[in-house]
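Engineer: Structure for this input, please:
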Amino acid sequence: MPAVSKGDGMRGLAVFISDIRNCKSKEAEIKRINKELANIRSKFKGDKALDGYSKKKYVCKLLFIFLLGHDIDFGHMEAVNLLSSNKYTEKQIGYLFISVLVNSNSELIRLINNAIKNDLSSRNPTFMCLALHCIANVGSREMAEAFASEIPRILVAGDTMDSVKQSAALCLLRLYKTSPDLVLMGEWTSRVVHLLNDQHMGVVTAAISLITCLSQKNPDEFKTCVSLAVSRLSRIVSSASTDLQDYTYYFVPAPWLSCKLLRLLQCYPPPEDGAVKGRLVECLETILNKAQEPPKSKKVQHSNAKNAILFEAISLIIHYDSEPNLLVRACNQLGQFLQHRETNLRYLALESMCTLASSEFSHEAVKTHIETVINALKTERDVSVRQRAADLLYAMCDRSNAKQIVAEMLSYLETADYSIREEMVLKVAILAEKYAVDYSWYVDTILNLIRIAGDYVSEEVWYRVIQIVINRDDVQGYAAKTVFEALQAPACHENMVKVGGYILGEFGNLIAGDPRSSPLVQFNLLHSKFHLCSVPTRALLLSAYIKFINLFPETKATIQEVLRCDSQIRNSDVELQQRAVEYLKLSSIASTDVLATVLEEMPPFPERESSILAKLKKKKGPGAVSVTELEDNKREGGELNGGGDRGPDTAAMAASNASTPSPSADLLGIRSAAPIGAAPANAGSLLVDVFSEAGPAAPSAAVNDDGFLRDLEQPTETSDSLLVEGSGDSDSAPPSEDPAPPLSEADELLNNWPKLNVQTKPVEPLVEGGAQIQQVLNIECLTDFSDAPLLNIKFRYGGALQNLTLKLPVTINKFFQPTEMTSHDFFQRWKQLSQPQQEAQKIFKANHSMDTEVLKAKLLGLGTALLDNVDPNPENYVCAGVIQTKGQQVGCLLRLEPNAQAQMYRLTLRCSKDSVSRRLCELLAEQF
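Structural biologist: The predicted structure is shown next:
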């Protein structure tokens with residue numbers, strides 16, 4: 001940069017700044033500024049032309065006044081005039097004024113652009129840098145349109161100085177961020193990528209920032225940068241601190257460049273080239289080895305630079321998730337940081353281990369640090385570190401340690417910071433449900449959760465425990481007993497009253513045999529909480545009271561007296577008044593049979609994914625570890641009602657918040673339809689909507705797919721395993737040819753099939769001549785589909801790449817769960833599926849033998865249950881089953897009527913989803 005001459009001191013500016021600093025009051029300062037503004041304005045408007053020095057001085061004063069917080073509405077043209085000066089200091093002040101004060105929509109932009117063009121074409125490196133800095137600082141669309149094509153040429157030109165290249169790269173990055181549609185690299189792409197090989201480290205550092213941003217949007221165009229980045233990283237990592245003296249920071253060679261290179265590599269999958277991948281693994285191992293070496297300096301700058309590279313390397317290892325040795329080493333290294341005296345390091349270690357816990361290679365290694373993490377949760381003074389510790393406990397939880405982790409989180413919850421209590425409650429609720437094998441433990445956990453942090457227990461949590469208790473017969477008695485005992489506490493949270501009212505209203509009869517929990521004792525216990533509760537809870541308790549009349553006729557008089565009192569039938573709240581009046585009238589005029597029908601036990605809710613996950617995901621802000629990612633990557637899945645088989649978590653979000661605007665509607669199924677066996681239509685307004693949030697439920701005739709076949713046990717598996725077998729022999733695939741690539745990536749196999757979730761197991765990458773390999777695909781149905789997925793098989797033969805596309809034998813019936821039912825149940829549900837779109841029928845001629853045993857074998861092969869003695873005509877065949885998808889269960893009923901004389905069939909299918917009916921009808925018609 002040119003030296004500033006002695007005459008450029010601008011004494012007038014120094015005097016003005018001194019006067020401002022010496023002002024005793026705000027009024028004195030404003031008076032001095034107004035005086036100076038008047039003087040500058042008169043100088044600019046005077047007849048005498050100002051020289052460059054005077055313009056620069058007055059423009060500097062205006063800039064200083066602006067920085068003090070005062071508006072400047074003149075002097076812009078004088079600043080633009082300074083751009084045409086040949087003196088560096090005058091041009092610098094002009095560009096500085098424009099960068100700070102000129103609006104991107106200013107009318108002067110065209111004049112400024114002309115001055116910038118002149119400087120860019122001047123080949124004076126100092127002027128070129130000033131112009132590029134101005135473009136980057138203003139960053140308007142007009143400037144992007146004017147210079148987006150010019151700057152890449154300057155960047156890659158062979159005669160451009162290194163300092164200008166750095167400025168050009170950063171300027172282009174700024175324009176790309178503000179106007180990405182105008183910055184088109186095109187022909188410059190390869191030359192920009194090769195800047196990674198530039199001898200000047202400053203150019204490489206600036207260029208890599210640009211390339212990283214471009215790679216995130218256009219990864220394919222810049223994928224050649226991977227090998228260059230690995231090569232440059234290898235040279236830096238393997239160099240001594242003396243080799244890069246100008247770029248060594250406290251004995252760490254080029255730490256900023258190393259971090260940027262590692263971050264760039266995280267934009268791409270692991271390198272396919274074996275040599276490049278080996279070199280990269282070697283670099284990562286070297287970084288991990290250097291982290292174990294004793295520090296070369298005790299200063300914090302040395303450890304900061306060293307740890308910055310280490311954490312970026314660990315992030316890259318986690319991103320690749322393909323090197324078990326590196327993942328375990330990274331985990332062990334992070335484990336050392338968990339007890340480091342530096343808080344920031346502990347925070348970063350917990351955050352990185354949270355991601356490591358989702359990898360199958362490092363999950364067990366992360367679990368070894370559970371005691372340290374629990375101790376951090378209890379003793380850390382910084383709430384942000386405690387929150388990361390809670391996140392890590394949540395991520396490392398599996399069936400083997402669930403009870404320990406949930407117990408520790410519950411213990412911590414009593415003293416937890418208020419800012420993280422709600423999120424902690426959601427995590428405890430999810431873990432308790434996800435890994436519970438003992439339902440009594442689950443109920444105890446949730447009730448304890450309500451007791452400890454009732455104010456932070458959202459509706460989704462207590463809705464879910466009710467849903468599970470109702471769906472599980474074996475836990476209903478225990479839940480009723482436990483909640484009855486919990487309600488006896490002097491201080492009882494309102495959420496506990498809600499759970500108690502619902503469960504005792506449904507299952508209070510299961511504990512009524514004990515004199516300590518007789519019907520009247522249960523009622524008095526609930527009613528003692530009535531006056532302390534809000535209106536929605538009181539409405540729920542009134543519904544529980546009318547349920548008591550059905551369960552315990554001996555309480556009828558007592559409950560009617562409560563409903564008859566003025567505080568109920570003349571309540572100022574319309575909802576409470578209506579319930580009291582209607583329930584009183586119902587209990588008075590209805591016969592015992594009618595009352596039993598209207599107030600019968602609530603049927604099981606349709607099995608669906610808990611919305612607690614949606615609540616937790618919503619709580620997590622941008623940049624936090626995604627809860628659904630952790631759930632999807634859990635090594636050990638298993639839902640509350642499922643088995644303990646290992647595999648990805650099958651509990652994905654079934655619907656977005658937009659489709660379930662009301663929590664109660666989502667969890668209780670009110671918004672969709674009433675389950676089979678609910679109250680008759682004329683009583684629907686009384687009891688189906690217990691929580692009075694989504695309006696009355698539809699009558700039971702309008703059964704949707706979620707409510708179909710409610711009394712079925714949940715299937716143990718939701719996917720079929722298909723065996724894809726590839727074989728080769730010495731004739732078709734000689735050993736000298738390149739082997740076929742393994743079928744290892746589900747995305748490549750199934751052409752991004754959106755309706756199926758495919759998981760694969762790794763196989764050997766080399767197929768010898770005459771050998772066979774098996775590629776097992778676990779396929780989960782996400783939603784119903786009609787077309788069979790396509791399998792792409794790629795291999796080399798004779799040096800040429802071959803590509804075969806085959807249809808997989810995967811049809812919708814592969815996901816059937818057979819269902820047994822009586823004749824009465826079959827035809828009752830047949831009538832419920834009476835809407836025209838739910839039925840598909842086809843009459844067709846028999847294409848094969850109509851032998852009875854053959855027909856039965858085909859129907860059983862379909863996957864449904866063949867029901868005997870159900871149809872009045874013994875010649876007909878009826879079947880029932882449920883198609884299991886991730887989002888829902890689709891009930892299907894089938895009736896096949898053969899006519900042996902005419903050699904014809906009539907096939908009728910009724911399903912709770914019309915598209916399934918049509919597809920199954922088409923598939924079956926081809927088989928008979």
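Engineer: make it CA atoms for all contacts and neighbour counts henceforth
Structural biologist: Will do.
Engineer: Could you report the neighbour count for Asn118?
Structural biologist: Around Asn118 there are 16 other residues, counting by other C-alpha atoms under 10 Å.
Engineer: since we're on the residue lying closest to Leu170 once chain neighbours are set aside, how many residues are nearby?
Structural biologist: Setting aside the residues directly before and after it, Leu170 is nearest to Ala206 in space (C-alpha to C-alpha, 6 or more residues apart in numbering), at 6.2 Å. By other C-alpha under 10 Å, 22 other residues sit near Ala206.
Engineer: so Ala206 touches Leu173, yeah?
Structural biologist: No. In this structure Ala206 lies outside contact range of Leu173 using C-alpha atoms under 8 Å: 9.3 Å.
Engineer: Spatially, what comes nearest to Ile72 if we skip its sequence neighbours?
Structural biologist: Closest residue to Ile72 apart from its sequence neighbours, by C-alpha to C-alpha, 6+ apart: Phe66 at 6.2 Å.
Engineer: so Pro219 sits right up against Leu265, yeah?
Structural biologist: No. The pair Pro219 / Leu265 is not scored as a contact, 10.9 Å apart, by C-alpha under 8 Å.
Engineer: Any idea how far apart the tips of stretch 310-330 sit?
Structural biologist: Its first and final residues considered, stretch 310-330 spans 9 Å by C-alpha to C-alpha, to the nearest Å.
Engineer: tell me the mean pLDDT over it?
Structural biologist: Taken as a whole, stretch 310-330 has a mean pLDDT of 90.
Engineer: What ranges does the stretch 801-928 of the chain have for its helices?
Structural biologist: For the stretch 801-928 of the chain, the helices defined by DSSP state H, counting those that start in this stretch cover 823-832, 852-862, 914-925.
Engineer: Show me which of Pro219 and Leu265 is the more surrounded one.
Structural biologist: Between Pro219 and Leu265, counted using other C-alpha under 10 Å, Leu265 has the larger neighbour count: 24 against 16.
Engineer: Any idea how many residues pack against Val281?
Structural biologist: Other residues close to Val281 by other C-alpha under 10 Å number 18.
Engineer: tell me the secondary structure for it?
Structural biologist: Classification of Val281 by DSSP: H, G, I helix; E, B strand; the rest coil places it in helix.
Engineer: quick one, what contacts it?
Structural biologist: By C-alpha atoms under 8 Å, 6 or more residues apart in numbering, no residues touch Val281.
Engineer: Count the residues that sit near the residue nearest to Ile72.
Structural biologist: Using other C-alpha under 10 Å, Phe66 has 16 neighbouring residues.
Engineer: try the one 5 residues further on
Structural biologist: A count of neighbours around Asp71, defined by other C-alpha under 10 Å, yields 11.
Engineer: that's a helix at it, yeah?
Structural biologist: No. Assessed by three-state DSSP, Asp71 does not belong to a helix; its assignment is coil.
Engineer: picking that back up, which of the helices of the stretch 801-928 of the chain sits closest to Asp119?
Structural biologist: For Asp119, the closest of these is helix 914-925, at 67.2 Å, according to C-alpha to C-alpha.
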